[in-house]
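> Sequence isn't available, so here's the structure alone:
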C-alpha cells in the first residue's frame, strides 16, 4: 500500500509499506502533537517536497529527527535508526492518508 503524508499544500512524502504496529510515543513533542507512529524502512520513504524546504527539530537524545514544514507546521514523519542501526522513517499516521498512485 502507498501512503501519502501531506501538509496543507498537499505535499511532503510518500511511503510504500504495510502499516506496522502503531505506537503512541510518550516523548514531549509527540505527546503535544498527538502523534501515533509506525516505523518503516527509510528507503521506502520518498520525499515529494525538497528536503531543503523542511525544517528539523531535535531534542534530548536526538534519536529521531522530527521533520516538518515551517510554513504550516505539519509534521508527518521523522527519521532515525533502529537498535540495529537500520535507517527508519517514523511515520505519524495521523498526518497520512491512503493514496493509490504509484511511487
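In hand now; what should we look at? No experiment lies behind these values; they were computed from the predicted model shown. Residues are numbered from 1 along each chain as shown.
> can you give me the strands for the protein?
In the chain, the segments counted as strands under DSSP state E are 2-6, 12-16, 37-41, 45-47, 55-57, 64-68, 77-81, 87-92, 96-99.
> got a list of what the most centrally placed residue in the chain touches?
When C-alpha atoms, centre = their mean is applied to the chain, the residue found nearest the centroid is residue 77 (1.2 Å). Residue 77 makes contact with 5, 12-13, 15, 45, 67, 89-92, 95, according to C-beta atoms under 8 Å, 6 or more residues apart in numbering. C-beta: built from backbone N, CA, C; applies to glycine.
> confidence score at it?
At residue 77, the model reports a pLDDT of 89.
> Which strand residues bridge it?
With DSSP bridges as the criterion, the beta-bridge partners of residue 77 are residue 67, residue 91.
> How many residues are close by the residue nearest to residue 48 when sequence neighbours are not counted?
Nearest residue to residue 48, sequence neighbours excluded (C-beta to C-beta, 6 or more residues apart in numbering): residue 11, at 4.8 Å. The burial count assigned to residue 11 is 17, neighbours taken as other C-beta atoms under 10 Å.
> Quick check: the gap between the residue nearest to the centre of the chain and residue 96.
The span separating residue 77 from residue 96 equals 8 Å under the rule C-beta to C-beta, to the nearest Å.
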